[in-house]
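# the following comprises the amino acid sequence and a computationally predicted model.
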Amino acid sequence: MAETDVKILGTRSSPFVMRSQIALKIKSVDYEFLEENLVKKSILLLQSNPVHKKVPVLIHGDKLICESLVIIQYIDETWSSGPSILPSDLYDRAVARFWANYIDQTWFPSLFALLFTKGEEAKGKAIKQLLAGMELFEDAFKKCSKGKAFFGGDSIGYIDITLGCFLAWIRVSEKFNGLAILDTEKTPYLVSWAEKFCADSTVKEVMPEVDKLAEFAIKLEAHMNASASN
Amino acid sequence: MAESDVKILGAWASPFVMRPRIALNIKSVGYEFLEEKVGVKSDLLIKSNPVYKKIPVLIHGDKPICESLVIVQYIDETWSSGPSILPSDVYDRATARFWAAYIDDKWFPALSEIVKVQGEGEEAKAEAVKQLLAGIALLEEAFQKCSKGKAFFGGDSIGYLDIALGSFLGWLRVTELNGLTILDAEKTPGLVGWAENFCADSAVKEVMPETGKLAELAKRLFAKTKAPPST
């Protein structure tokens, strides 16, 4: 399929957008990346995702697909001849979907709170929830990986993408808060997994550099504070 | 497969529990329904869902599966010879998943908000209603597109999105008892017709709680939240 048939509307700093890019790279599908300015959203974005007005949006021909986890599954099912992203075993698939849901509903809000909430109490609560999650992921990794490099086994799969997309933001949080979220003592398997994930050919080019992301985070926080006080 | 191989941990009033029960009914799979007691979580629940300690849990043989929509997809994929729950078209499937996520992430919280603000001022109540009805308008539009003129979001028979939204109809009716119209014959005619067909379906009838019973339960559960004296 011609490259112009597949487009991603997104930003380079968004972990949710990264998910769609990794999924397409796993399938060796070329795509055009349309960079959005989230302060001034394009008409294309507002038309393509009228319900949420958020990135990522996958544009496949004339079809619009929104919500990062929905997009990954769409990519996996559409380009079914490529390497599988969802596990082939049905129970493993249910486990993968369970963790993806936990990551987005429970864990990510605490990462977001740690990065952008003020106040020691709120941060303390966020850190506690975040680290509790990391322990659960360490446990889940041991069960899902079955001794291999990734949650998905020999190659990157659904949980890897869903969690791994946050790694640069995790590093930024660690930097800002003097905190170890990936801890060689408490979560050794995750530490090793993170290294392999970031080094993977499908991830390398789309994972932002931590220093650049840290700079962006500072600007974003300033922008959010300015909007909040208006 | 023996009925005892498939169990659902749940409660009769929970819309989330209703979802896998409808799915199993669609697949004609017998199951044991293990009712959790109100206010007390069983050891089995805590063991089967240590992360959330919430219902529903599907126990298939020795495997616990948690999160209602994850369970529905597991049921669809496991008993694949039965009628399909997810659409067969890959894009329609993405659309169904999108709206199911919207229902759980945005619309259901708006419904809960209506209950939460019962004790608060008129402004809070009006805002909660506005949010809910805006969501219903979107869902009416989605129904028109997905159903393609047929009875259900899934077409001729109940599918994923029907289950995701339809499971809330009991609670929706309870909320309407207070004088609020959520499914409106003029504004959301598609959904009004759909709701009737959904509740009458053989896969749904026995697991949809009676509105009266739910209303009584609601009164008991929210008895603590008393309306403030009118000023």
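Received the coordinates, thanks.
# buried sites along the helix or strand encompassing residue A:176?
Take DSSP states H and E as the rule and residue A:176 turns out to sit in helix A:167-177. Within helix A:167-177, the residues that qualify as buried are A:167-174, counting by 16 or more other CB atoms under 10 Å in any protein chain shown. Quick note: C-beta positions are derived from backbone N, CA and C, even for glycine.
# name the residues that touch the lowest-mean-pLDDT helix or strand in chain A?
The least trusted helix or strand in chain A, going by mean pLDDT, DSSP states H and E, turns out to be helix A:210-229, with a mean of 88. Helix A:210-229 is contacted from outside by A:13, A:39, A:115-116, A:168-169, A:171-172, A:175-176, A:208, using CB atoms under 8 Å, 6 or more residues apart in numbering or on different chains.
# swap in 10 Å and give it another go.
A:11-13, A:38-39, A:115-116, A:118, A:167-176, A:207-209 (CB atoms under 10 Å, 6 or more residues apart in numbering or on different chains).
# give the contact list for the spatially most central residue of chain A.
Taking CA atoms, centre = their mean, the centroid of chain A lies closest to residue A:165, which sits 3.1 Å from it. Residue A:165 is in contact with A:14-22, A:68, A:103, A:108, A:197, A:203, A:206-207, counting by CB under 10 Å, 6+ apart.
# and the pLDDT for it?
Per-residue pLDDT puts residue A:165 at 98.
# list phi and psi for it.
phi -60, psi -20 (degrees, to the nearest 10).
# show the contacting residues for residue 117.
Since no chain was named, I'll use chain A. A:110, A:123, A:125-126.
# oops, I was thinking of chain B
Contact analysis of residue B:117 by CB under 10 Å, 6+ apart lists B:123-129, B:225.
# 7 Å instead?
B:124-125, B:128 (CB atoms under 7 Å, 6 or more residues apart in numbering or on different chains).
# for chain B, which spans come out with low pLDDT?
B:1-4, B:224-231 (pLDDT under 70).
# ok, which stretches of it are strands?
B:6-10, B:32-35, B:57-60, B:63-66 (DSSP state E).
# pairing partners for the longest one, with directions?
It stands for strand B:6-10. strand B:32-35 (parallel), strand B:57-60 (antiparallel) (DSSP bridges).
# re the thing from before, extract the CA atoms of the helix holding residue A:176 and return them as CSV.
Taking C-alpha atoms only, helix A:167-177 is exported to CSV below (Å, rounded to 0.1, in the frame of the first residue of the first chain):
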residue,chain,number,x,y,z
LEU,A,167,10.0,5.1,29.1
ALA,A,168,11.4,8.5,28.1
TRP,A,169,8.8,10.2,30.3
ILE,A,170,9.7,7.8,33.1
ARG,A,171,13.3,8.9,32.7
VAL,A,172,12.3,12.6,32.8
SER,A,173,10.3,12.0,36.0
GLU,A,174,13.2,10.2,37.6
LYS,A,175,15.4,13.2,36.7
PHE,A,176,13.0,15.9,38.0
ASN,A,177,12.2,14.1,41.2
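# now do it: which elements does it pack against?
helix A:108-116, helix A:188-199, helix A:210-229 (3 or more CB pairs under 7 Å, 6 or more residues apart in numbering or on different chains; DSSP states H and E).
# returning to that earlier point: could I get the strands of chain B as a markdown table with mean neighbour count and distance to residue B:156?
Formatted as a markdown table, those follow (neighbours: other CB atoms under 10 Å in any protein chain shown; distance: least, CB to CB, whole Å):
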| stretch | mean neighbour count | distance to residue B:156 |
| --- | --- | --- |
| strand B:6-10 | 22 | 26 |
| strand B:32-35 | 14 | 28 |
| strand B:57-60 | 24 | 26 |
| strand B:63-66 | 22 | 28 |
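# mind putting the ones you listed into a markdown table with distance to residue B:139?
What follows is the strands of chain B, written out as a markdown table (distance: least, CB to CB, whole Å):
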| stretch | distance to residue B:139 |
| --- | --- |
| strand B:6-10 | 25 |
| strand B:32-35 | 29 |
| strand B:57-60 | 26 |
| strand B:63-66 | 26 |
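# enumerate the residues of chain A near chain B.
A:51, A:63, A:65-67, A:70, A:73-74, A:77-78, A:90-91, A:94, A:97-98, A:101-102, A:136 (CB under 7 Å from any CB of the partner chain).
# quick one, which of the residues you listed are buried?
Applying 16+ other CB under 10 Å to the residues of chain A next to chain B flags A:65-67, A:70, A:73-74, A:78, A:90-91, A:94, A:97-98, A:101-102, A:136 as buried.
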